[in-house]
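A.B. asks: Mind folding the following:
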Amino acid sequence: MKKIDFKEIIILTIFNLILFQVPLMYYVSNIFTYIDEGLAVLAAFFILKSVKKHSFDKFSIKYLLILFVYVIFTGIANYTAGIVTEFSIISFGILLFLRNFIILIGIYNCDYNIKSEIIRLTPIFIKEIKILLLLALCFWPINLILKTGMTYDVRFGINSYSFIFHHPGNFATYMFFSIIMLTYFSDNTKFIFSNKTYIYIAIFLLFTSLRFSFIVALGVYAYFRIMSSNKINEKNKRIIKIVLPIVVTIAIMPQVAKYFLSGDTPRSLFYKYSFITFSNYPMGTGFSTYGSYMAQVNYSQLYNEYGFNILYGMSQSEPLFLFDNFWPMIIVESGIIGFICILFWFYLMYKEANEKNNIPVKIIILFLFAFCIIGQTLIHFSSVFFYLLMGLTLSTDDRMLNENNKEATQWNQLH
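C.D. replies: I've put the predicted structure just below:
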(Lines give C-alpha, C1' and ligand atoms only; values in the text may rest on other atoms or scores of the structure.)
Protein backbone atom coordinates (compact mmCIF):
# COMPACT_ATOMS: atom_id res chain seq x y z
CA MET A 1 0.00 0.00 0.00
CA LYS A 2 1.55 3.30 -1.09
CA LYS A 3 2.22 6.16 1.24
CA ILE A 4 -0.82 8.29 2.12
CA ASP A 5 -0.57 11.71 0.50
CA PHE A 6 -2.07 15.04 1.56
CA LYS A 7 -5.28 14.57 -0.45
CA GLU A 8 -5.89 11.23 1.22
CA ILE A 9 -5.30 12.75 4.66
CA ILE A 10 -8.06 15.24 3.82
CA ILE A 11 -10.38 12.38 2.79
CA LEU A 12 -9.67 10.47 6.00
CA THR A 13 -10.26 13.62 8.04
CA ILE A 14 -13.61 14.24 6.34
CA PHE A 15 -14.61 10.60 6.90
CA ASN A 16 -13.88 10.88 10.63
CA LEU A 17 -15.58 14.24 10.98
CA ILE A 18 -18.76 12.76 9.48
CA LEU A 19 -18.51 9.53 11.48
CA PHE A 20 -18.03 11.38 14.76
CA GLN A 21 -20.07 14.51 14.02
CA VAL A 22 -22.64 13.73 16.73
CA PRO A 23 -20.20 13.35 19.64
CA LEU A 24 -18.11 16.26 18.36
CA MET A 25 -21.07 18.64 18.18
CA TYR A 26 -22.58 17.60 21.51
CA TYR A 27 -19.48 17.10 23.62
CA VAL A 28 -16.79 19.29 22.02
CA SER A 29 -18.10 22.37 20.21
CA ASN A 30 -21.15 23.65 18.32
CA ILE A 31 -18.89 24.46 15.39
CA PHE A 32 -19.02 20.78 14.39
CA THR A 33 -22.76 21.20 13.79
CA TYR A 34 -21.86 22.61 10.38
CA ILE A 35 -19.73 19.71 9.12
CA ASP A 36 -22.53 18.40 6.90
CA GLU A 37 -23.30 21.88 5.56
CA GLY A 38 -19.61 22.33 4.77
CA LEU A 39 -19.61 19.02 2.91
CA ALA A 40 -22.66 20.18 0.95
CA VAL A 41 -20.79 23.34 -0.08
CA LEU A 42 -17.85 21.17 -1.24
CA ALA A 43 -20.29 18.95 -3.15
CA ALA A 44 -21.81 22.02 -4.82
CA PHE A 45 -18.28 22.97 -5.94
CA PHE A 46 -17.90 19.57 -7.64
CA ILE A 47 -21.26 20.05 -9.35
CA LEU A 48 -20.33 23.51 -10.65
CA LYS A 49 -16.95 22.18 -11.80
CA SER A 50 -18.73 19.44 -13.78
CA VAL A 51 -21.02 22.03 -15.35
CA LYS A 52 -17.98 24.04 -16.41
CA LYS A 53 -16.38 20.94 -17.94
CA HIS A 54 -19.67 19.98 -19.65
CA SER A 55 -19.37 16.54 -18.03
CA PHE A 56 -22.91 16.41 -16.64
CA ASP A 57 -24.96 13.33 -17.55
CA LYS A 58 -28.61 12.34 -17.39
CA PHE A 59 -28.26 11.14 -13.79
CA SER A 60 -27.30 14.56 -12.47
CA ILE A 61 -29.65 16.50 -14.72
CA LYS A 62 -32.81 14.60 -13.84
CA TYR A 63 -32.22 14.70 -10.08
CA LEU A 64 -31.25 18.36 -10.09
CA LEU A 65 -34.37 19.07 -12.12
CA ILE A 66 -36.54 17.36 -9.49
CA LEU A 67 -34.89 19.40 -6.75
CA PHE A 68 -35.23 22.60 -8.78
CA VAL A 69 -38.97 22.08 -9.25
CA TYR A 70 -39.35 21.29 -5.55
CA VAL A 71 -37.47 24.40 -4.40
CA ILE A 72 -39.17 26.79 -6.84
CA PHE A 73 -42.74 25.77 -6.01
CA THR A 74 -42.10 25.48 -2.27
CA GLY A 75 -40.38 28.88 -2.29
CA ILE A 76 -43.34 30.41 -4.12
CA ALA A 77 -45.60 28.87 -1.45
CA ASN A 78 -43.72 30.87 1.21
CA TYR A 79 -44.96 34.11 -0.30
CA THR A 80 -48.43 32.97 -1.36
CA ALA A 81 -49.18 31.54 2.12
CA GLY A 82 -47.46 34.42 3.90
CA ILE A 83 -46.55 32.42 7.01
CA VAL A 84 -42.76 32.72 6.66
CA THR A 85 -41.43 35.32 4.23
CA GLU A 86 -38.02 36.22 5.72
CA PHE A 87 -35.43 35.40 3.06
CA SER A 88 -32.76 34.25 5.54
CA ILE A 89 -35.10 31.74 7.21
CA ILE A 90 -36.32 30.45 3.85
CA SER A 91 -32.76 30.16 2.52
CA PHE A 92 -31.55 28.15 5.50
CA GLY A 93 -34.61 25.92 5.22
CA ILE A 94 -33.73 25.28 1.56
CA LEU A 95 -30.10 24.48 2.44
CA LEU A 96 -31.07 21.99 5.15
CA PHE A 97 -33.53 20.26 2.83
CA LEU A 98 -31.16 20.07 -0.15
CA ARG A 99 -27.99 19.22 1.82
CA ASN A 100 -28.04 15.43 1.47
CA PHE A 101 -29.25 15.46 -2.13
CA ILE A 102 -26.49 17.89 -3.14
CA ILE A 103 -23.91 15.69 -1.41
CA LEU A 104 -25.14 12.69 -3.41
CA ILE A 105 -24.93 14.49 -6.76
CA GLY A 106 -21.64 16.17 -5.79
CA ILE A 107 -19.82 12.92 -4.96
CA TYR A 108 -21.23 11.43 -8.15
CA ASN A 109 -19.62 14.25 -10.13
CA CYS A 110 -16.34 14.65 -8.22
CA ASP A 111 -13.00 14.01 -9.92
CA TYR A 112 -12.02 10.52 -10.97
CA ASN A 113 -8.78 10.71 -8.94
CA ILE A 114 -10.67 11.59 -5.77
CA LYS A 115 -12.96 8.60 -6.20
CA SER A 116 -9.98 6.31 -6.79
CA GLU A 117 -8.39 7.48 -3.56
CA ILE A 118 -11.64 7.06 -1.62
CA ILE A 119 -11.85 3.50 -2.93
CA ARG A 120 -8.22 2.83 -2.03
CA LEU A 121 -8.85 4.06 1.51
CA THR A 122 -11.88 1.79 2.02
CA PRO A 123 -9.88 -0.80 4.07
CA ILE A 124 -8.97 1.97 6.53
CA PHE A 125 -12.63 3.04 6.77
CA ILE A 126 -13.64 -0.56 7.45
CA LYS A 127 -10.98 -0.97 10.14
CA GLU A 128 -12.18 2.20 11.88
CA ILE A 129 -15.73 0.90 11.80
CA LYS A 130 -14.60 -2.38 13.36
CA ILE A 131 -12.74 -0.57 16.16
CA LEU A 132 -15.83 1.56 16.80
CA LEU A 133 -17.99 -1.57 17.01
CA LEU A 134 -15.64 -3.21 19.51
CA LEU A 135 -15.60 -0.13 21.73
CA ALA A 136 -19.39 0.20 21.58
CA LEU A 137 -19.77 -3.48 22.47
CA CYS A 138 -17.43 -3.13 25.46
CA PHE A 139 -19.33 -0.16 26.88
CA TRP A 140 -22.80 -1.72 26.45
CA PRO A 141 -22.76 -3.98 29.56
CA ILE A 142 -21.17 -1.17 31.57
CA ASN A 143 -24.03 1.11 30.54
CA LEU A 144 -26.59 -1.41 31.82
CA ILE A 145 -25.17 -1.11 35.32
CA LEU A 146 -23.60 2.34 35.67
CA LYS A 147 -24.67 5.84 34.71
CA THR A 148 -22.37 6.42 31.77
CA GLY A 149 -24.44 9.08 30.00
CA MET A 150 -25.01 6.67 27.12
CA THR A 151 -28.70 6.11 27.86
CA TYR A 152 -31.49 8.20 26.31
CA ASP A 153 -34.52 6.47 27.83
CA VAL A 154 -35.64 3.19 29.36
CA ARG A 155 -37.75 0.68 27.45
CA PHE A 156 -38.96 -2.67 28.79
CA GLY A 157 -36.92 -1.90 31.91
CA ILE A 158 -33.69 -1.75 29.87
CA ASN A 159 -31.50 1.26 29.17
CA SER A 160 -31.64 2.19 25.49
CA TYR A 161 -28.09 2.43 24.22
CA SER A 162 -26.64 5.34 22.24
CA PHE A 163 -22.91 4.90 22.99
CA ILE A 164 -21.29 8.28 22.15
CA PHE A 165 -23.96 9.27 19.62
CA HIS A 166 -26.28 11.13 22.04
CA HIS A 167 -29.52 9.55 20.78
CA PRO A 168 -30.30 5.86 20.08
CA GLY A 169 -31.73 6.84 16.69
CA ASN A 170 -28.39 8.34 15.63
CA PHE A 171 -26.52 5.32 17.00
CA ALA A 172 -28.79 2.89 15.15
CA THR A 173 -28.36 4.82 11.89
CA TYR A 174 -24.57 4.50 12.08
CA MET A 175 -24.89 0.84 13.01
CA PHE A 176 -27.01 0.19 9.93
CA PHE A 177 -24.46 2.01 7.78
CA SER A 178 -21.77 -0.21 9.33
CA ILE A 179 -23.72 -3.34 8.45
CA ILE A 180 -23.95 -2.28 4.79
CA MET A 181 -20.25 -1.39 4.63
CA LEU A 182 -19.14 -4.65 6.25
CA THR A 183 -21.42 -6.71 4.02
CA TYR A 184 -20.76 -5.17 0.61
CA PHE A 185 -17.50 -3.22 0.83
CA SER A 186 -15.21 -5.25 3.07
CA ASP A 187 -12.54 -7.61 1.75
CA ASN A 188 -13.07 -10.02 4.67
CA THR A 189 -9.56 -9.39 6.00
CA LYS A 190 -9.44 -10.64 9.58
CA PHE A 191 -9.01 -7.94 12.25
CA ILE A 192 -9.13 -9.73 15.63
CA PHE A 193 -12.42 -11.35 14.58
CA SER A 194 -13.83 -12.42 11.24
CA ASN A 195 -15.78 -9.96 9.10
CA LYS A 196 -18.99 -11.89 9.67
CA THR A 197 -18.54 -11.54 13.45
CA TYR A 198 -18.46 -7.75 13.10
CA ILE A 199 -21.68 -7.84 11.12
CA TYR A 200 -23.32 -9.77 13.95
CA ILE A 201 -21.92 -7.27 16.48
CA ALA A 202 -23.37 -4.36 14.48
CA ILE A 203 -26.77 -6.08 14.28
CA PHE A 204 -26.71 -6.73 18.03
CA LEU A 205 -25.76 -3.13 18.79
CA LEU A 206 -28.52 -1.90 16.50
CA PHE A 207 -31.01 -3.79 18.65
CA THR A 208 -29.56 -2.30 21.84
CA SER A 209 -30.86 1.08 20.69
CA LEU A 210 -34.34 -0.41 21.41
CA ARG A 211 -35.80 1.42 18.41
CA PHE A 212 -38.51 -0.75 16.84
CA SER A 213 -38.24 1.06 13.55
CA PHE A 214 -34.82 -0.42 12.90
CA ILE A 215 -36.41 -3.83 12.72
CA VAL A 216 -37.65 -2.53 9.37
CA ALA A 217 -34.06 -1.71 8.38
CA LEU A 218 -32.92 -5.23 9.24
CA GLY A 219 -35.94 -6.63 7.42
CA VAL A 220 -34.93 -4.77 4.24
CA TYR A 221 -31.32 -5.91 4.69
CA ALA A 222 -32.33 -9.55 5.30
CA TYR A 223 -34.63 -9.52 2.27
CA PHE A 224 -31.86 -8.55 -0.16
CA ARG A 225 -29.34 -10.86 1.47
CA ILE A 226 -31.72 -13.77 1.09
CA MET A 227 -32.79 -12.91 -2.45
CA SER A 228 -29.16 -12.66 -3.60
CA SER A 229 -28.06 -15.87 -1.87
CA ASN A 230 -27.11 -18.90 -3.94
CA LYS A 231 -27.62 -21.21 -0.96
CA ILE A 232 -31.41 -20.84 -0.91
CA ASN A 233 -33.53 -22.38 -3.65
CA GLU A 234 -36.16 -20.40 -5.54
CA LYS A 235 -39.08 -22.11 -3.81
CA ASN A 236 -37.84 -21.13 -0.35
CA LYS A 237 -37.07 -17.61 -1.59
CA ARG A 238 -40.69 -17.21 -2.70
CA ILE A 239 -41.88 -18.36 0.74
CA ILE A 240 -39.48 -16.01 2.55
CA LYS A 241 -40.52 -13.17 0.26
CA ILE A 242 -44.06 -13.51 1.63
CA VAL A 243 -43.30 -14.46 5.23
CA LEU A 244 -40.55 -11.91 6.01
CA PRO A 245 -42.68 -8.76 5.46
CA ILE A 246 -45.43 -10.31 7.61
CA VAL A 247 -43.00 -11.05 10.45
CA VAL A 248 -41.51 -7.54 10.29
CA THR A 249 -44.99 -5.97 10.24
CA ILE A 250 -46.10 -7.97 13.29
CA ALA A 251 -42.88 -7.04 15.10
CA ILE A 252 -43.34 -3.30 14.64
CA MET A 253 -47.11 -3.12 15.06
CA PRO A 254 -46.97 -2.37 18.83
CA GLN A 255 -44.78 0.67 18.18
CA VAL A 256 -46.85 1.78 15.18
CA ALA A 257 -49.97 1.58 17.33
CA LYS A 258 -48.22 3.64 20.01
CA TYR A 259 -47.20 6.30 17.46
CA PHE A 260 -50.52 6.63 15.66
CA LEU A 261 -53.33 4.94 17.57
CA SER A 262 -52.65 5.77 21.22
CA GLY A 263 -54.46 9.08 21.44
CA ASP A 264 -52.95 12.38 20.38
CA THR A 265 -49.27 11.47 20.13
CA PRO A 266 -46.89 13.98 18.51
CA ARG A 267 -46.62 11.95 15.30
CA SER A 268 -50.36 11.44 15.00
CA LEU A 269 -50.94 15.15 15.62
CA PHE A 270 -48.44 16.09 12.94
CA TYR A 271 -50.19 13.85 10.43
CA LYS A 272 -53.65 15.02 11.50
CA TYR A 273 -52.88 18.71 11.11
CA SER A 274 -50.84 18.18 7.95
CA PHE A 275 -54.02 17.08 6.16
CA ILE A 276 -55.98 19.94 7.70
CA THR A 277 -53.33 22.42 6.53
CA PHE A 278 -53.16 20.81 3.10
CA SER A 279 -56.90 21.33 2.63
CA ASN A 280 -56.31 25.06 3.15
CA TYR A 281 -52.96 25.27 1.32
CA PRO A 282 -52.86 22.55 -1.36
CA MET A 283 -49.81 24.21 -2.96
CA GLY A 284 -48.01 24.32 0.38
CA THR A 285 -47.06 26.87 3.02
CA GLY A 286 -43.37 27.07 2.11
CA PHE A 287 -40.03 26.26 3.70
CA SER A 288 -39.53 26.49 7.48
CA THR A 289 -43.24 26.40 8.30
CA TYR A 290 -44.11 22.86 9.45
CA GLY A 291 -42.23 19.76 10.60
CA SER A 292 -38.81 21.03 9.55
CA TYR A 293 -35.84 22.02 11.68
CA MET A 294 -36.25 25.70 10.85
CA ALA A 295 -39.94 25.54 11.75
CA GLN A 296 -38.79 24.30 15.16
CA VAL A 297 -36.03 26.91 15.59
CA ASN A 298 -38.31 29.82 14.59
CA TYR A 299 -41.38 28.14 16.08
CA SER A 300 -43.90 28.31 13.29
CA GLN A 301 -47.11 30.23 13.87
CA LEU A 302 -48.95 27.10 12.71
CA TYR A 303 -47.83 25.38 15.91
CA ASN A 304 -49.47 28.10 17.98
CA GLU A 305 -52.68 27.88 15.92
CA TYR A 306 -52.86 24.11 16.43
CA GLY A 307 -52.10 24.25 20.14
CA PHE A 308 -48.73 22.54 19.95
CA ASN A 309 -47.31 25.28 22.17
CA ILE A 310 -49.06 23.86 25.26
CA LEU A 311 -48.12 20.20 24.67
CA TYR A 312 -45.13 18.42 26.18
CA GLY A 313 -42.34 17.93 23.67
CA MET A 314 -43.99 20.25 21.15
CA SER A 315 -43.71 23.61 22.88
CA GLN A 316 -41.11 26.23 22.04
CA SER A 317 -39.26 25.60 25.30
CA GLU A 318 -39.35 21.78 24.92
CA PRO A 319 -39.21 21.01 21.16
CA LEU A 320 -38.37 17.32 21.60
CA PHE A 321 -40.73 16.02 18.89
CA LEU A 322 -41.02 18.94 16.48
CA PHE A 323 -38.34 17.67 14.09
CA ASP A 324 -39.47 14.07 13.96
CA ASN A 325 -41.67 13.83 10.87
CA PHE A 326 -41.08 13.78 7.12
CA TRP A 327 -44.25 13.29 5.10
CA PRO A 328 -46.25 15.79 7.21
CA MET A 329 -43.50 18.32 6.47
CA ILE A 330 -43.64 17.58 2.72
CA ILE A 331 -47.44 17.64 2.58
CA VAL A 332 -47.65 21.01 4.36
CA GLU A 333 -44.54 22.89 3.21
CA SER A 334 -44.48 21.88 -0.46
CA GLY A 335 -48.03 20.72 -1.15
CA ILE A 336 -49.05 18.39 -3.94
CA ILE A 337 -46.17 19.26 -6.30
CA GLY A 338 -43.49 18.69 -3.68
CA PHE A 339 -45.13 15.44 -2.62
CA ILE A 340 -45.01 14.18 -6.22
CA CYS A 341 -41.38 15.33 -6.58
CA ILE A 342 -40.24 13.29 -3.57
CA LEU A 343 -42.13 10.18 -4.67
CA PHE A 344 -40.60 10.57 -8.13
CA TRP A 345 -37.13 10.90 -6.59
CA PHE A 346 -37.59 7.58 -4.74
CA TYR A 347 -38.89 5.91 -7.88
CA LEU A 348 -36.06 7.08 -10.16
CA MET A 349 -33.33 6.36 -7.62
CA TYR A 350 -34.57 2.82 -6.97
CA LYS A 351 -34.97 2.26 -10.69
CA GLU A 352 -31.39 3.44 -11.27
CA ALA A 353 -30.05 1.09 -8.60
CA ASN A 354 -32.16 -1.79 -9.89
CA GLU A 355 -30.94 -1.37 -13.47
CA LYS A 356 -27.35 -1.52 -12.21
CA ASN A 357 -28.15 -4.29 -9.72
CA ASN A 358 -26.64 -2.12 -7.02
CA ILE A 359 -27.92 -3.91 -3.93
CA PRO A 360 -26.49 -1.49 -1.31
CA VAL A 361 -28.29 1.45 -2.93
CA LYS A 362 -31.53 -0.53 -3.18
CA ILE A 363 -31.28 -1.33 0.54
CA ILE A 364 -30.61 2.32 1.38
CA ILE A 365 -33.49 3.63 -0.75
CA LEU A 366 -36.05 1.25 0.77
CA PHE A 367 -34.63 1.97 4.24
CA LEU A 368 -35.03 5.73 3.72
CA PHE A 369 -38.51 5.30 2.27
CA ALA A 370 -39.63 3.21 5.25
CA PHE A 371 -38.26 5.74 7.72
CA CYS A 372 -39.98 8.64 6.02
CA ILE A 373 -43.21 7.41 7.59
CA ILE A 374 -42.03 8.08 11.15
CA GLY A 375 -38.95 10.29 10.96
CA GLN A 376 -36.64 12.72 9.19
CA THR A 377 -33.94 10.21 8.25
CA LEU A 378 -34.06 11.20 4.57
CA ILE A 379 -32.82 14.74 5.27
CA HIS A 380 -31.15 14.23 8.66
CA PHE A 381 -27.43 14.92 8.97
CA SER A 382 -26.79 11.40 10.33
CA SER A 383 -27.75 10.03 6.89
CA VAL A 384 -24.92 11.81 5.04
CA PHE A 385 -22.93 8.56 4.79
CA PHE A 386 -25.79 6.91 2.89
CA TYR A 387 -25.80 9.66 0.27
CA LEU A 388 -22.03 9.53 -0.12
CA LEU A 389 -22.25 5.78 -0.59
CA MET A 390 -25.04 6.04 -3.15
CA GLY A 391 -23.31 8.72 -5.20
CA LEU A 392 -19.99 6.89 -5.15
CA THR A 393 -21.21 3.41 -6.05
CA LEU A 394 -23.64 4.56 -8.73
CA SER A 395 -20.93 6.60 -10.45
CA THR A 396 -18.25 3.89 -10.26
CA ASP A 397 -20.52 1.58 -12.24
CA ASP A 398 -20.74 4.12 -15.06
CA ARG A 399 -17.38 5.81 -15.12
CA MET A 400 -14.54 4.27 -13.18
CA LEU A 401 -14.89 0.80 -14.67
CA ASN A 402 -14.59 2.28 -18.16
CA GLU A 403 -11.06 3.44 -17.25
CA ASN A 404 -9.92 -0.16 -16.64
CA ASN A 405 -8.70 0.92 -13.23
CA LYS A 406 -7.67 -2.04 -11.08
CA GLU A 407 -8.79 -0.45 -7.80
CA ALA A 408 -12.16 0.48 -9.28
CA THR A 409 -12.64 -3.08 -10.48
CA GLN A 410 -11.92 -4.38 -6.99
CA TRP A 411 -14.46 -1.92 -5.58
CA ASN A 412 -17.14 -3.13 -7.97
CA GLN A 413 -16.42 -6.77 -7.10
CA LEU A 414 -17.22 -5.98 -3.47
CA HIS A 415 -20.84 -5.29 -4.34
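
A.B. asks: distance of residue 22 from residue 35?
C.D. replies: Here residue 22 is placed at a distance of 10 Å from residue 35 (C-beta to C-beta, to the nearest Å). Bear in mind the C-beta positions are built from the backbone N, C-alpha and C, glycine included.

A.B. asks: More neighbours: which of these two?
C.D. replies: For residue 22 and residue 35, the more surrounded residue by other C-beta atoms under 10 Å is residue 22, and the numbers stand at 22 against 18.

A.B. asks: That one: what's it in contact with?
C.D. replies: 164, 165, 166, 167, 170, 382 (C-beta atoms under 8 Å, 6 or more residues apart in numbering).

A.B. asks: Against residue 393, how distant is the nearest residue to residue 366 once chain neighbours are set aside?
C.D. replies: Spatial nearest neighbour of residue 366, excluding adjacent residues (C-beta to C-beta, 6 or more residues apart in numbering): residue 220 at 4.8 Å. Distance, residue 220 to residue 393, using C-beta to C-beta: 17 Å.

A.B. asks: now residue 194
C.D. replies: The value you get for residue 194 to residue 393, if C-beta to C-beta is used, is 24 Å.

A.B. asks: Among those two, which residue is more densely surrounded?
C.D. replies: Higher neighbour count among residue 194 and residue 393: residue 393, with 24 against 12, using other C-beta under 10 Å.

A.B. asks: List of residues touching whichever strand or helix holds the more buried one?
C.D. replies: Applying DSSP states H and E as the criterion places residue 393 in helix 384-398. Contacts to helix 384-398, defined as C-beta under 8 Å, 6+ apart, come from residues 18-19, 36, 39, 57, 59, 99-101, 103-109, 115, 118-119, 174, 177, 180-181, 349, 352-353, 356, 358, 360-361, 364-365, 367-368, 408, 411-412, 415.

A.B. asks: and what of stretch 361-379?
C.D. replies: Against stretch 361-379 from outside (C-beta under 8 Å, 6+ apart): 96-97, 99-100, 169, 173, 176, 180, 213, 216-217, 220-221, 224, 259, 267, 323-327, 329, 346, 349-350, 352-354, 383, 386, 389-390, 393-394.

A.B. asks: Quick one: end-to-end length of it, please.
C.D. replies: Its start and end residues considered, stretch 361-379 measures 16 Å (C-alpha to C-alpha, to the nearest Å).

A.B. asks: can you offset everything so residue one is 29?
C.D. replies: Right, with 29 as the first residue, what we last looked at is stretch 389-407.

A.B. asks: Report the rounded mean pLDDT for it.
C.D. replies: Stretch 389-407 comes out with an average pLDDT of 85.

A.B. asks: quick one: the residue lying closest to residue 268 once chain neighbours are set aside from residue 154, how far?
C.D. replies: Take residue 268 and drop its neighbours on the chain: the residue closest to it by C-beta to C-beta, 6+ apart is residue 254, 5.4 Å away. For residue 254, the distance to residue 154 equals 24 Å [C-beta to C-beta].

A.B. asks: list the buried ones in stretch 151-166?
C.D. replies: For stretch 151-166, the buried set under the neighbour-count rule, 16 or more other C-beta atoms under 10 Å, comprises 153, 154, 157, 158, 160, 161, 164, 165.

A.B. asks: average pLDDT for that stretch?
C.D. replies: Rounded mean pLDDT across stretch 151-166 is 94.

A.B. asks: Check the secondary structure at residue 187 for me.
C.D. replies: Following DSSP: H, G, I helix; E, B strand; the rest coil, the label given to residue 187 is strand.

A.B. asks: Tell me how many other residues surround it.
C.D. replies: So residue 187, with other C-beta under 10 Å, has 21 neighbours.

A.B. asks: Contacts only, for the residue lying closest to it once chain neighbours are set aside.
C.D. replies: Residue nearest to residue 187 in three dimensions, not counting chain neighbours: residue 179, with 4.0 Å by C-beta to C-beta, 6+ apart. Contacts for residue 179 (C-beta under 8 Å, 6+ apart) come out as 171, 187, 188, 189, 190.

A.B. asks: cool, and residue 46?
C.D. replies: Residues near residue 46 by C-beta under 8 Å, 6+ apart: 63, 64, 67, 412, 413, 416.

A.B. asks: What does the pLDDT read for the fifth one?
C.D. replies: Which is residue 413. At residue 413, the pLDDT value in this model is 92.

A.B. asks: ranges for the strands of the protein?
C.D. replies: Remark: strands assigned in the chain by DSSP state E are 179-183, 186-189.

A.B. asks: Out of the ones you listed, which is closest to residue 280?
C.D. replies: Among the strands of the chain, strand 179-183 comes nearest to residue 280, with 13.9 Å by C-beta to C-beta.

A.B. asks: Tell me which strands that closest one pairs with, and in which orientation.
C.D. replies: Sheet pairing here is set by DSSP bridges, and for strand 179-183 it gives strand 186-189 (antiparallel).

A.B. asks: Tell me the buried residues in the partner strand?
C.D. replies: Here strand 186-189 shows 187, 188, 189 as buried, counting by 16+ other C-beta under 10 Å.

A.B. asks: what's the answer for stretch 34-47, then?
C.D. replies: So stretch 34-47, judged by 16+ other C-beta under 10 Å, has buried residues 36, 39, 40, 42, 43, 46, 47.

A.B. asks: for stretch 331-344, same thing?
C.D. replies: Of the residues in stretch 331-344, those buried (16+ other C-beta under 10 Å) are 331, 334, 336, 342, 343.

A.B. asks: Contacts for that stretch, please.
C.D. replies: 294, 297, 301, 323, 327, 346, 347, 348, 349, 350.

A.B. asks: Pull out the buried members of these.
C.D. replies: Neighbour-count burial (16+ other C-beta under 10 Å) applied to the contacts of stretch 331-344 gives 294, 297, 301, 323, 327, 347, 349, 350.

A.B. asks: ok, which stretches of the stretch 79-228 of the chain are helices?
C.D. replies: Taking DSSP state H, counting those that start in this stretch, the helices of the stretch 79-228 of the chain run over residues 86-109, 115-136, 140-148, 150-173, 196-212, 223-236.
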